[in-house]
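> Okay, sequence plus prediction incoming.
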Amino acid sequence: MSVEIAALVVDDEKLARVRLVKLLEDIEGISVIGEAENGEEAVRRIRDLKPDLVFLDIRMPGKDGFGVIEALESVPLIVFVTAFDDYAVKAFEVNSIDYLLKPVNRARLGEAVGRARSLLEEPSDLGREIEKLKSMVRSGGLARLSVSRGKRILLLDLDDIMWLAVDDGLVFAHTGEGRFLVNRTMAELESRLDSRKFFRIHRSTIVNLDHVRELVPWFSGKYKVVMADRPGTELTLSRSRAKELREILPW
C-alpha cells in the first residue's frame, strides 16, 4: 500500500499557493495539511505540523527558501518551486528532491510527488537520488541568468552577457544595454557557466570569450583583454590565468 503524504505549501503569492493546492488535490495519496506565506511562518508550521513533504518557494521577502532550511533542526523532504531556473544546483546541494518551475506543470508535479513517495518508502535511496539530480542539472548548465536593476527582475540570455565583474563587493553582468546586479558569487557563476565560453580571467572578472576583441601584452606576464563593446573596455588577464587561456585560445 502506498504511503500517505502530508504536505505543506509555502509561497508568498496567494494565487500561486491556491493553484498548487488545487493541483495537489487531484493527486491520490497526498493531502495538504497547511500553508505558509513567508519564511518565518514556514519554519513555525514545519516544526508544528511535521509534514512529510514541503513545496517551498525560493524567493520570498525576509527569510527565503534556503533560509528556511537553515533554520530547521529536522528537515522534511523539500521540493523547491520557483519562477527562476538558476537556483537548481544550489537547491539540490541543500538536499531538495526536486525543483519545479512556475507555472507548475501538472505532469512534473506528479513526478515530484512520485519521487517523494518512493523516498518515503525507501529513505536509504535519498542521497543517491539527490546526487543523480544534481549531476543532471549541472550537466545542463544555465540557459539564462536572473539579474536585477532597481526593482525589476530580468532574465538575460547568456550570449548577451559580455563579462561579469565584482564592483565594491557586488557582482554585475555587463551587456550592450548596461550592467545588471547578479545575486551570485563569482565561484557559483564559474561553476555553472559553460567553461568553453565563459573564462575567469581574474578573481574578480569572468569574460564571455565570444565578446573578446583583442589580447594586448601588458607587464609581468599579464595581458589586457579588450572587449568588443563600443568603448573597447579593457580588463586584466592575470598571469596565472593566461596559461590556462592559451589552452583554449592558443596564441
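Done, it's in. Everything numeric here is computed off the predicted structure, so don't read it as measured data. Residues are numbered from 1 along each chain as shown.
> need the helices for this protein, in chain order.
14-25, 39-49, 65-71, 88-93, 106-121, 126-140, 186-192, 239-248 (DSSP state H).
> Turn those into JSON lines, including distance to Asp160.
To be clear about C-beta, it is placed using only N, CA and C from the backbone, and glycine gets the same treatment. Output for the helices of the chain, formatted as JSON lines (distance: least, Cβ to Cβ, whole Å):
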{"stretch": "helix 14-25", "distance to Asp160": "29"}
{"stretch": "helix 39-49", "distance to Asp160": "32"}
{"stretch": "helix 65-71", "distance to Asp160": "27"}
{"stretch": "helix 88-93", "distance to Asp160": "21"}
{"stretch": "helix 106-121", "distance to Asp160": "28"}
{"stretch": "helix 126-140", "distance to Asp160": "19"}
{"stretch": "helix 186-192", "distance to Asp160": "15"}
{"stretch": "helix 239-248", "distance to Asp160": "21"}
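> Quick one: closest of those to Asp168.
Across the helices of the chain, Asp168 has its closest neighbour in helix 186-192 (13.9 Å, Cβ to Cβ).
> Which strands or helices does the closest one pack on?
helix 88-93, strand 163-167, strand 198-202, strand 205-208 (3 or more Cβ pairs under 8 Å, 6 or more residues apart in numbering; DSSP states H and E).
> and if we set it to 10 Å?
With contacts taken as 3 or more Cβ pairs under 10 Å, 6 or more residues apart in numbering; DSSP states H and E, helix 186-192 sits against helix 88-93, helix 126-140, strand 163-167, strand 170-175, strand 198-202, strand 205-208.
> Pull up the pairing partners for the shortest one, direction included.
What it means is strand 205-208. Strands adjacent to strand 205-208 in the sheet, as given by DSSP bridges, are strand 163-167 (antiparallel), strand 198-202 (antiparallel).
> Keeping just the C-alphas, turn it into CSV.
C-alpha atoms of strand 205-208 as CSV (Å, rounded to 0.1, in the frame of the first residue of the first chain):
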residue,chain,number,x,y,z
THR,A,205,36.2,39.0,-13.6
ILE,A,206,34.7,36.4,-15.9
VAL,A,207,34.5,37.2,-19.7
ASN,A,208,32.4,35.8,-22.5
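> Residues contacting that strand from elsewhere in the structure, which ones?
Outside strand 205-208, the residues that touch it by Cβ atoms under 10 Å, 6 or more residues apart in numbering are 158-166, 171, 173-175, 186, 189-190, 193-194, 197-201, 225, 227-228, 233, 235-238, 241, 245.
> returning to what we had before: comparing the helices of the chain, which gets the lowest mean pLDDT score?
Ranked by mean pLDDT, the helices of the chain bottom out at helix 126-140, with a mean of 54.
> one step back: out of the helices of the chain, which gets nearest to Ile5?
Closest approach to Ile5 among the helices of the chain is made by helix 106-121 (6.1 Å; Cβ to Cβ).
> For Ala83, which non-adjacent residue is spatially closest?
Lys102 (4.5 Å; Cβ to Cβ, 6 or more residues apart in numbering).
> Fine, thanks again, bye for now.
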